[in-house]
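[1] Give me coordinates for this.
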Amino acid sequence: MSDKFLMLRRAVLLQLYAVFPAGLPPSTILEGLRLAGFDCGLDDVQRNLEYLRQKGLVEMRPSRISVSRVRASLTSEGEEYLESGEF
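    Residues are numbered from 1 along each chain as shown. Below is the predicted model of the structure:
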């Protein structure tokens, strides 16, 4: 695993931590990553969100207004992970 992926995943978690308990659509997360200097695309964001979901740190929920749109949000386990400083 490269340090780039670890840093990208941490940046995703920190964005979700900042808006907790609300969530963000993947496109907004992508914009935040690009502003932070990451060279990535939406596929990279979605792949890493799925990885974090499988680890139990993130959950994906459909939007109430449009079921075809999803939002990522931090789980309580994800919040505890960030607050532990173990990354």
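[2] Buried residues, stretch 9-27. List them.
    By 16 or more other Cβ atoms under 10 Å, the buried positions in stretch 9-27 come out as 9, 11, 12, 13, 15, 16, 23, 24, 26. Bear in mind the C-beta positions are built from the backbone N, C-alpha and C, glycine included.
[3] Export the residues you listed to a markdown table and append columns for distance to residue 73 and secondary structure.
    As requested, the buried residues of stretch 9-27 are exported to a markdown table (distance: Cβ to Cβ, whole Å; DSSP: H, G, I helix; E, B strand; the rest coil):
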| residue | distance to residue 73 | secondary structure |
| --- | --- | --- |
| 9 | 15 | helix |
| 11 | 16 | helix |
| 12 | 11 | helix |
| 13 | 11 | helix |
| 15 | 11 | helix |
| 16 | 6 | helix |
| 23 | 3 | coil |
| 24 | 8 | strand |
| 26 | 12 | helix |
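[4] Closest one of the residues you listed to residue 76?
    Of all the buried residues of stretch 9-27, residue 76 sits closest to residue 16, with 12.0 Å by Cβ to Cβ.
[5] can you tell me how far that closest one sits from residue 22?
    Look at residue 16 and residue 22: by Cβ to Cβ, to the nearest Å, they are 9 Å apart.
[6] Quick check: neighbours shared by these two?
    Shared contacts of residue 16 and residue 22, defined by Cβ atoms under 8 Å, 6 or more residues apart in numbering, comprise residue 73.
[7] what sits against the nearest residue to residue 34 once chain neighbours are set aside?
    Using Cβ to Cβ, 6 or more residues apart in numbering and skipping the chain neighbours, the partner closest in space to residue 34 is residue 40 (7.4 Å). Contact analysis of residue 40 by Cβ under 8 Å, 6+ apart lists 8, 30, 33, 34.
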